[in-house]
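1. I'll drop the sequence and a predicted model, then ask my questions.
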Amino acid sequence: MLIRLRQLLRRGRGQEGAAAVEFVLCLIPLLLIVAGVVDYGESWYMSSVIATASREGARYATRYQTNPVTGTRLIPNALNPSIEDYVLTAAGYNLTSLLPITAAPAVTPGGAGLTTGTAGTIVSVRVTALKYWLFLNNLIPGLSNPQVLASTTTMACE
């Protein structure tokens, strides 16, 4: 009887499920780290796209929005799109296809060069977009609202 009791006690101390429990305990933090890397990678990508769009918009505004003979600003039309249309649509940089649908990109041109177009006047183009966090939204307080990513480029008209 005593031998049977010892065998039953040994059977209860098995290590069969320990590996599965350890795997689950390690997997959860690993998945959180991977999710964070994906979220910050998307944020970095969006910042890069927005900076490039701002630069392209300012370049377009300083070079192709001015009549090279008279130095006056051209009126936007089908052949000469506005700065906003150039940056946002397929006519130029096509920002809307490079960012997520929820980003809602906006282009805001400014500066004295927009009205005069004379050489040396300043044109600035500001591009903004919203970054909604995919995974970290509910894990970190304060990330439930979207973050506004913005980039401004200033150039002189030629």
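-> Received the coordinates, thanks. Numbering: from 1, shown residues only.

2. now the residue nearest in space to the middle of the chain: how far from residue 84?
-> Centroid check for the chain by Cα atoms, centre = their mean gives residue 46 as the closest residue, at 2.1 Å. Distance, residue 46 to residue 84, using Cβ to Cβ, to the nearest Å: 19 Å. Heads up, the C-betas are built off the backbone N, CA and C, glycines and all.

3. and what about residue 81, helix, strand or coil?
-> coil (DSSP: H, G, I helix; E, B strand; the rest coil).

4. that one against residue 93, yeah?
-> No - here residue 81 lies out of contact with residue 93, judged by Cβ atoms under 8 Å, at a distance of 11.0 Å.

5. are we agreed that residue 134 is in a helix?
-> No - according to three-state DSSP, the state of residue 134 is coil, so it is not within a helix.

6. now it. Nearest residue, chain neighbours left out?
-> Spatial nearest neighbour of residue 134, excluding adjacent residues (Cβ to Cβ, 6 or more residues apart in numbering): residue 39 at 5.5 Å.

7. for that neighbour, what are its contacts?
-> 133-136 (Cβ atoms under 8 Å, 6 or more residues apart in numbering).
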